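Q: Take a look and give me a structure for this.
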Amino acid sequence: QVQLVESGGGLVQTGGSLRLSCAASERTFSSYAMGWFRQAPGKEREFVASITWIGGLTYYADSVKGRFTIPKDNAKNTVYLQMNSLKPEDTAVYYCSTGPHLGGRVTYDTWGQGTQVTVSS
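A: Numbering: from 1, shown residues only. This is a model prediction of the structure:
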């Protein structure tokens, strides 16, 4: 089974930038796309961004469009989340995830351990 290891979280001031990394142990048919999700205290986990390994199709939540990007490095099996113009409401634990493409959608069934991002006002 694919294993995901995240890194890069931390504390940053409003308006600052951070880059998260997610390294996958392998890429198989069970890893069609990579996604970033986040969960703030007292809130449900929400989708942030995703990218397909083949073709590099990207999707973003409206709340991060124009501020976050999700580049990838296929040779390193690594996906990044470049976060710019950070806001206090971006504070959350960020998780990367992957899964197969089933029934016309990606089923995210493998998760990293999460990394804390805190944006101070």
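
Q: which residues does the closest residue to residue 17 other than its chain neighbours contact?
A: Leaving out its chain neighbours, the residue that sits closest to residue 17 by CB to CB, 6 or more residues apart in numbering is residue 84, at 4.7 Å. Quick note: C-beta positions are derived from backbone N, CA and C, even for glycine. Taking CB atoms under 8 Å, 6 or more residues apart in numbering, we find residue 84 in contact with 17, 67, 68.

Q: For those residues, give me a markdown table that also has neighbour count, pLDDT and distance to residue 57.
A: Shown next, in a markdown table, are the contacts of residue 84 (neighbours: other CB atoms under 10 Å; pLDDT from 0 to 100; distance: CB to CB, whole Å):
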| residue | neighbour count | pLDDT | distance to residue 57 |
| --- | --- | --- | --- |
| 17 | 12 | 98 | 24 |
| 67 | 15 | 98 | 19 |
| 68 | 22 | 98 | 16 |
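
Q: Each with direction, which strands does the helix or strand bottoming out on mean pLDDT in the chain pair with?
A: When the helices and strands of the chain are scored by mean pLDDT, DSSP states H and E, strand 101-102 comes last with a mean of 86. Applying DSSP bridges, strand 101-102 is found paired with strand 105-106 (antiparallel).
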